[in-house]
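Asks: Would you be able to build a 3D model of this:
(3 chains)
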Amino acid sequence: MRMWAQSHLCQKPQRITSVLAAAFALIFLILGASQSASALPAFARKYGLRCSACHESWPMLNYFGQKFKDNGYQLMNERDAPIWQNPGYWPVTFRITPIWHRVSTNKVAVDQSSNGEAKITSSGFDLSGLDFHTGGTLEKNFSFYVLPSSDATASFHFETVMARLDNISGSPWFNVKLGKFELDNLLSEKRILTLTANGGIYQLYHFSPLNDGNIFGQMGSNQLGLELMGHSYNDRTRYSVALLSSNNGLVGLPYGSESYSTFITGSQAFDAGKLGVDRLGFYVMAGVAPTYYLTTAGAPIGGSGTNNKGYSREGFVGQFYFGQHVDLTVVTQHGEDSAWFGQGYGDFVDSPSAICNTPTGTQPCNNIPGTQLIQGARNPTWNGVLLEPHYVVNPQMILLARYETIRMSQQSTPGAASNLGNISTYTFGYRYNPFMTSRAGFAYHGEYNWFHWDGASPVTNTNLTSSELLFGIDFDF
Amino acid sequence: MRFIGAILFTAIAGLIFVASFTATVSAQDEPLVGPKPPVVVKPMESHIGNITGHAADAKSDYRRYCAGCHGDYGDANGENAVWLDPKPRDFTIATFKCRSTLTGTLPTDEDLFNTIGRGITNSNMPIWNVFTKQQRANLVAYIKIFSPRWEHEKAGTPITIPPEPPVTIESISHGQALFAKLECWKCHGTHGEGDGPSASTLTDSKDNPIRPYNFALGGKDSRFKCGSTNEDIYKIFMTGVDGTPMPSFADVIQPNDAWDLVHFLRTLQVHRHSKENEVLTAAHGVIPPYVNKNPPPAADTNKAPGGGQ
Amino acid sequence: MRTNKILVALLTLLVCPSLMLAGTVSGKVTYTGTPAHQKPIDMSKEPSCAKQHATPISTETVVTGANNALDNVVVYVSAGATDEGQVPAQAITYTQKGCQYIPHVLPMHVNQEFDIINDDQTSHNIHPLPKVNTEWNKSQPPGTPPIKEKYDKPEFIEVKCNIHPWMHGWFVVLKTSHYDLSKEGGDFKLPNLPPGKYTITAWHEKYGTQTADVTITGNETKDVNFTFKATAY
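Replies: As a prediction, this is how the structure comes out:
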């Protein structure tokens, strides 16, 4: 079953489109009667634009929305300062999604099973976390964004907190942002169109090899740092350079005493005539992170990390439009971690009980001076690609699909299976906005995700497969 | 196959569940009840350079980007229009602010194309310069479906703009005299701050209050509603801003005098970097009184504006 | 000379035999009730105009005369006339003097040329606000030549000067040459109506329209009077 679907998705996208179309015909029969779609209603309310003006489909941005964001959430019409708003205006948006989902995982650690693993399938009603967005301008060219975000139990953390100086010296080429923010990914994970556990993130943005200790190179996680960003007046050309704490976005100093990484991206868009605006770009995330921590009573001391080791992820991004309805986003990645990460060092603070192999036996994964790597340990490297086609039926309805695959190119441990830790996943779904205003967003959401991870089952270290079907009502106001 | 069954079952159950919500939404929350007639997309075209825009190709873009303010029927009755000031353009009357053509005539396709890409400062009309040229051309064609004028009338002929003479303090001085003589200050104020004696009484052609442009307010990049170049200013006052109190001066200003007025108006944008402000600074910030070498017989009885800093 | 006149008369008889039997509709426009009090206009912001008026003039939305006469009513043949296509050759004028429009209401024929004149020592902008015809807005500083315009569709068009917000007038563009403006006692007269059935319409800018049907059979004068109900606000 899943092989059928996978092979069709990979090789015959036209056929999958027609299959999807047939499935959605039913949806239209039921939902077809309703009228007029919508996103961050805080901005929509401020500017009186429909959600569809900035979002290809909420929450994914289109080029106009990207320019609006690059301008510091400003339209640049001399009406951006909050003084132009009614005093009662407070730029706040809540977003939450009640859902029903069915999750099936083929290998879960189970005591009652002869080999310690069993398949578990369960379904039920559920909630997403609550996002509490507030953002906009404090004055013309002074922007901010604060996003306390909770998990499904209302336990909050700061997802985003940043202040930004826009158009320094009147030039769109210089904007500086300080705080915790999403890296300037052209394909924004925070504006992903999907909601399932494995399909609701970009695997490419969070990948590390199995048993790798580098938790820092996650370009999909919001990071703490300083970003210089610039763009041309019409946003066709854009770049950004960020200096980041190698803390994986966590506040305080739980990791390195002096560990930084960088994220650099640039892109150029072209007016492709009747096709639309097509964009090509690149990104590089590279940095160092600690592997050795001082301890007290055996417990690692935050902020004491030294013995920095390097890592990098880099690739190309393309956003291609093919007329008014069809577009395709492509992201590639080549990644490399230091062999020390590959052997499990780096994550000592979060996993103090993890055990690493050395030529002289095992020890906690703390790279204390004198620690040696096992014979032949290498830098793990991998390559990945993400393809996300959309079919925008109209501004209210989008059909979407995604395929991601990440293949190990070089394993850190000699002799490890060449496919160990490979990931393949596909997702398809729809979002339908039954109405379209500038006051609230509302989308009927349906999605199916299939996820496969080689050698990652918890006990037998065999292939892990899971699938998730999800229906929900995504709304914000 | 068992899995397909499970998907179908849950899909149907889920959809019936959400369909009940849909019904409620359309019955209660739609501010405009009753069936709306479909928009008839006439086969209008636009021609910008070698690009031909087709109305039919802009249907989705119009709905996505424009209809929220300008309305599905182009009548400026989008759901946001009531909250906007100034109000969006009503395409059904085909009166347009930014034209290179004389007052009362239809603008050229290029005028409309430029307005879309430029946006209108101090209003909610965004700068749609991320669009492809084709998209903008299509939208120009689309807004023509709303008024029969586009079927019966041809666009006006763009006014002829002579080459700009050099900016001199004399030119600025003459411009200032014109600003006084033509009584621009009655609305725009003696310093161009939009505070002239008639400013508070102004209404647009739909009787909505409207402010005269405040030249002094903008920053280094301050723009006019219809552009930011000297040529744009020239066009604004020569062709008028139709639908607003700003009249056309095409019949009353000679082309070269118009350039002098342009140069003076630039000095009212006190924060903007401009050649005019440099010339004024070089003259120690003082505009000398205008000396007319061929004085007209009739004396000007109106009071002169102050020094236009 | 004399022969010429006879020739013209003969030609006229040949071309327009109906002129031989031409009726006239005449009458008076009056009001009942109490019309709204017209407020004096403060022209202090425009001294060159203020000094032209010894006593401040009032708004002209409702202008009345003795015996309940109502002025500035356009009375015209709205149906029945057969000679609608004849555009009068002579231009009419619309004068801005003392920051007032003279006349306050200017009836005209479709496509008839009219001249807008500025007699003041101040700039005006002439901003008629048509919905059917094309909207334009022109500046007219003192001493500039008349603005020549015409309208090609019948319409009641409000005229404003944005610089002087109290200035207010009307262009009444009609597709008939049978019209008159009631003035100085509310009298009007529509001569030269060939025999036939006509609908006569009276239009007032505030009180709306009234109609009357009249039949002309020959050389006669029919009396048609209109009475508008005035409102106090």
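
Asks: which bits of chain C sit near chain B?
Replies: Selection of chain C residues close to chain B by C-beta under 8 Å from any C-beta of the partner chain yields C:45, C:48, C:121-123, C:125-127, C:129, C:131, C:134-145, C:147, C:162-165. C-betas here are computed from N, CA, C, even on glycine.

Asks: ok, which stretches of chain C are helices?
Replies: Assigned helices in chain C, in chain order: C:2-15, C:47-50 (criterion: DSSP state H).

Asks: gap between residue A:247 and residue A:289?
Replies: In this view, residue A:247 and residue A:289 are 9 Å apart by C-beta to C-beta, to the nearest Å.

Asks: Give me the more crowded residue out of these two.
Replies: residue A:289 (31 against 25; other C-beta atoms under 10 Å in any protein chain shown).

Asks: can you pull the contacts of that one?
Replies: Counting by C-beta atoms under 8 Å, 6 or more residues apart in numbering or on different chains, residue A:289 makes contact with A:214, A:216-217, A:246, A:255-256, A:259, A:261, A:305, A:308-309, A:311, A:341, A:346.

Asks: same question, residue C:136
Replies: Per C-beta under 8 Å, 6+ apart, neighbours of residue C:136: B:102-104, B:240, B:242, B:248, C:128, C:149.

Asks: Then residue A:295?
Replies: A:301, A:366.

Asks: in the sheet, who's paired with it?
Replies: According to DSSP bridges, the residues that bridge with residue A:295 are residue A:300.

Asks: And the nearest residue to residue C:178 once chain neighbours are set aside, how far from chain A?
Replies: Spatially, and ignoring its direct neighbours in sequence, residue C:178 is nearest to residue C:77 (4.0 Å; C-beta to C-beta, 6 or more residues apart in numbering or on different chains). Plainly put, residue C:77 is 48 Å away from chain A if you go by C-beta to the nearest C-beta, to the nearest Å.

Asks: Wait, residue C:77 touches residue C:176, no?
Replies: Yes. Using C-beta atoms under 8 Å, residue C:77 is in contact with residue C:176, at 5.0 Å.

Asks: hey, least reliable of the helices of chain C by pLDDT?
Replies: If you rank the helices of chain C by mean pLDDT, helix C:2-15 sits at the bottom with a mean of 51.

Asks: ok, so of the contacts of residue C:136, who is nearest chain A?
Replies: Among the contacts of residue C:136, residue B:242 lies closest to chain A (C-beta to the nearest C-beta), at 20.6 Å.

Asks: circling back: biggest separation within the contacts of residue A:289, which pair?
Replies: Greatest spatial distance among the contacts of residue A:289 (C-beta to C-beta): A:217 and A:305, at 15.2 Å.

Asks: can you tell me which residue is nearest the centre of chain C?
Replies: Chain C has residue C:107 as the residue nearest its centroid, 3.0 Å off, counting by C-alpha atoms, centre = their mean.

Asks: That residue: what's it in contact with?
Replies: With C-beta under 8 Å, 6+ apart, residue C:107 has these contacts: C:74, C:76, C:172, C:174, C:179-181.

Asks: Just the pLDDT for it.
Replies: 95.

Asks: can you tell me how far the residue lying closest to it once chain neighbours are set aside sits from residue A:281?
Replies: Spatial nearest neighbour of residue C:107, chain neighbours left out: residue C:172 (4.3 Å); criterion: C-beta to C-beta, 6+ apart. Distance, residue C:172 to residue A:281, by C-beta to C-beta: 64 Å.

Asks: ok, now how distant is the residue of chain A found nearest chain C from residue B:121?
Replies: Minimum separation of chain A from chain C (C-beta to the nearest C-beta) falls at residue A:78, amounting to 23.1 Å. To residue B:121, residue A:78 is 5 Å away according to C-beta to C-beta.

Asks: what comes up buried for stretch C:189-201?
Replies: C:190, C:193-194, C:198, C:200-201 (16 or more other C-beta atoms under 10 Å in any protein chain shown).

Asks: Out of those, the closest to residue A:58 would be?
Replies: Using C-beta to C-beta, the buried residues of stretch C:189-201 come closest to residue A:58 at residue C:201, 55.5 Å.

Asks: For the closest one, list each beta-bridge partner.
Replies: residue C:76, residue C:211.

Asks: Surely it is in contact with residue C:80?
Replies: No. The pair residue C:201 / residue C:80 is not scored as a contact, 10.9 Å apart, by C-beta under 8 Å.

Asks: Now restrict the residues of chain C next to chain B to buried residues only.
Replies: C:45, C:121-123, C:125-127, C:129, C:134-142, C:147, C:162-165.

Asks: The one helix or strand in chain B whose mean pLDDT sits lowest: what's the following helix or strand?
Replies: Least confident helix or strand of chain B, by mean pLDDT, DSSP states H and E, is helix B:2-24 with a mean of 53. Later in the chain than helix B:2-24, the nearest helix or strand by DSSP states H and E is strand B:45-48.

Asks: As PDB, could you dump the C-alpha coordinates of that following strand?
Replies: Provided in PDB are the C-alpha atoms of strand B:45-48 (Å, rounded to 0.1, in the frame of the first residue of the first chain):
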ATOM      1  CA  GLU B  45      -7.000  44.100 -22.800                       C
ATOM      2  CA  SER B  46      -4.100  46.300 -21.800                       C
ATOM      3  CA  HIS B  47      -0.900  47.100 -23.700                       C
ATOM      4  CA  ILE B  48       2.300  48.000 -21.800                       C
END
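
Asks: Let me know the next secondary structure element after that strand.
Replies: Next along the chain after strand B:45-48, with elements defined by DSSP H and E, is strand B:51-54.

Asks: tell me which strands and helices that following strand is in contact with?
Replies: strand B:45-48, helix B:133-143 (3 or more C-beta pairs under 8 Å, 6 or more residues apart in numbering or on different chains; DSSP states H and E).

Asks: For that strand, give me every contacting residue.
Replies: By C-beta under 8 Å, 6+ apart, the list of residues contacting strand B:51-54 reads B:43-47, B:109, B:133-134, B:136-142.

Asks: tell me the average confidence for it?
Replies: 96.

Asks: so what strands line up beside that strand?
Replies: Here strand B:51-54 is paired, per DSSP bridges, with strand B:45-48 (antiparallel).

Asks: which parts of the partner strand are buried?
Replies: Neighbour-count burial for strand B:45-48 [16+ other C-beta under 10 Å]: B:45-46, B:48.

Asks: For residue A:138, state which of those residues is nearest.
Replies: residue B:48 (39.2 Å).

Asks: Let me know the pLDDT of the closest one.
Replies: 95.

Asks: Quick check: bridge partners of it?
Replies: Note on residue B:48: beta-bridge partners residue B:51, judged by DSSP bridges.

Asks: for residue B:227, same thing?
Replies: Listed by DSSP bridges, the beta-bridge partners for residue B:227 are residue B:224.

Asks: contacting residues for it?
Replies: B:98, B:114, B:118, B:233, B:235-236.

Asks: With neighbour count and pLDDT added, can I get the residues you listed in a markdown table?
Replies: A markdown table is the format used below for these (neighbours: other C-beta atoms under 10 Å in any protein chain shown; pLDDT from 0 to 100):
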| residue | neighbour count | pLDDT |
| --- | --- | --- |
| B:98 | 22 | 96 |
| B:114 | 19 | 96 |
| B:118 | 20 | 94 |
| B:233 | 22 | 95 |
| B:235 | 25 | 96 |
| B:236 | 23 | 96 |
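
Asks: now those residues in a markdown table, with distance to chain C and secondary structure?
Replies: Shown next, in a markdown table, are the contacts of residue B:227 (distance: C-beta to the nearest C-beta, whole Å; DSSP: H, G, I helix; E, B strand; the rest coil):
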| residue | distance to chain C | secondary structure |
| --- | --- | --- |
| B:98 | 14 | coil |
| B:114 | 21 | helix |
| B:118 | 22 | helix |
| B:233 | 16 | helix |
| B:235 | 15 | helix |
| B:236 | 13 | helix |
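
Asks: just curious, which of the residues you listed is nearest to chain A?
Replies: Closest to chain A, out of all of the contacts of residue B:227 and judged by C-beta to the nearest C-beta, is residue B:118, at 10.5 Å.

Asks: who's in contact with that closest one?
Replies: B:98, B:127, B:129, B:223, B:226-227.
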